[in-house]
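> Here is the input, now give the coordinates:
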Amino acid sequence: MEHELADTRSQAGTSGNRPVKRRHPDWIKVRMPAGPGYTQTRAIVSTFKLNTVCQEAQCPNIGECWGHGTATFMLMGDVCTRNCRFCAVNHGRMVALDPGEPRRVAEAALKMNLSHIVVTSVNRDDLPDGGARHFAETVHAIKHLNPDCTIEVLTPDFQGNESAVVTVAESPVEIFNHNTESVPRLYKRVRPGAKYERSLRVLEKAKAVRSNLKTKTGIMLGLGETYEELLTVFGDLRAVECDILTLGQYLQPSKEQLPVERYVHPDEFKALKEEALSLGFRHVESGPLVRSSYHAWKHVE
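Purely as a prediction, here's the structure:
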């Protein structure tokens, strides 16, 4: 019999189509971004005219990560061709690719003295390869300036274009990440334009290109999924040899995005982590404030 993860349902809900104002539970607390590390990272990002998913997706960990001198760089602009119902990134008219961006990302990473970097992008369904070559050029630029820096890419699904996946997976990257985001039943509501099976194939293809390439994915909790659905997804991910899994609480960025259906207790995140590890994942990051690149440097180990 299916059962839903326990939550603070009394604090959630909707009235008509308007999200009800709610207070986050006590276990969801975020420090205001501040400190010299945060200030320096913000200055470097601004100087090199770069976008970060930390800012565009309103990540709750921006203070902690920027304070440690880490950031997730977002390639190819700050406007996405898709309009996922959970995401705060803008969507609309696309801009031409900036050929100087790979070099600037590499220079920023060097200036920040990063030993590990995460590079992601908006969806660029307007491009024939979805921006795969731009990803690869950025990876090569980083390695050229800082050969010892390890790199994680967080890619879109490239609309199932396998040659695009190959282009990125063949670059000298240590971790290939593509987020599954949710369970199959919720895809039409949460990820219009994406397909669950397609996301699995992206991870499977990346692993097939290089067997020693670590593959990774992330799932948001609190959108209406059940415990059993999550376990099924865990099994599907291990079937395509996915190595690393992140689990975090979905938080509604603004009234334009989907409301939170439930808040998942930290104890349940711990239980799900144990379930996932028992299936053979190499590393599982699981907790209310976990995001895809949270503590990403640990995932290389």
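> hang on, Pro266 packs against Trp27?
Yes: between Pro266 and Trp27 there is a contact at 5.3 Å, judged by C-beta atoms under 8 Å. C-beta: built from backbone N, CA, C; applies to glycine.
> which neighbours do those two share?
Here Pro266 and Trp27 have Pro288 as joint contacts, going by C-beta atoms under 8 Å, 6 or more residues apart in numbering.
> Tell me the first helix or strand C-terminal of the lengthiest strand in the chain.
Ranked by residue count, the top strand of the chain under DSSP state E comes out as strand 214-221. Following strand 214-221 in sequence order, the next helix or strand is helix 227-239 (DSSP states H and E).
> mean confidence score for that following helix?
Mean pLDDT, helix 227-239: 98.
> Relative to the helix or strand following that helix, what are the paired strands and their orientations?
For helix 227-239, the following helix or strand on the C-terminal side (DSSP H and E) is strand 244-249. Paired neighbours of strand 244-249 in the sheet (DSSP bridges): strand 214-221 (parallel), strand 283-286 (parallel).
> and Phe269, how many neighbours?
For Phe269, the count of nearby residues is 22 (other C-beta atoms under 10 Å).
> which SS class is it?
helix (DSSP: H, G, I helix; E, B strand; the rest coil).
> my read: Leu247 touches Ile219, true?
Yes: in this structure, Leu247 is within contact of Ile219 by C-beta under 8 Å, at 5.5 Å.
> follow-up on the earlier one: and the angle for the longest strand of the chain with helix 227-239?
170 degrees (axes from the mean of the first three to the mean of the last three C-alpha atoms, to 10 degrees).
> Tell me how far strand 214-221 lies from the chain's centre.
7 Å (C-alpha atoms, centre = their mean, to the nearest Å).
> quick check: mean pLDDT across that strand?
97.
> try stretch 145-159
Mean predicted lDDT for stretch 145-159 stands at 94.
> Can you list the buried residues in that stretch?
146, 149-159 (16 or more other C-beta atoms under 10 Å).
> Now tabulate the residues you listed in TSV and tack on distance to Phe281 and secondary structure.
Shown next, in TSV, are those (distance: C-beta to C-beta, whole Å; DSSP: H, G, I helix; E, B strand; the rest coil):
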residue	distance to Phe281	secondary structure
Asn146	29	coil
Cys149	25	coil
Thr150	19	strand
Ile151	21	strand
Glu152	16	strand
Val153	19	strand
Leu154	17	strand
Thr155	19	coil
Pro156	23	coil
Asp157	21	coil
Phe158	24	helix
Gln159	27	helix
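> And those, which is closest to Tyr196?
Asp157 (10.2 Å; C-beta to C-beta).
> so who does that closest one touch?
178, 194-195, 198-199, 202.
> What of Glu152?
116-119, 173-177, 216, 293, 296, 299-300.
> List buried residues within these.
Applying 16+ other C-beta under 10 Å to the contacts of Glu152 flags 116-119, 173-177, 216, 293, 296, 299 as buried.
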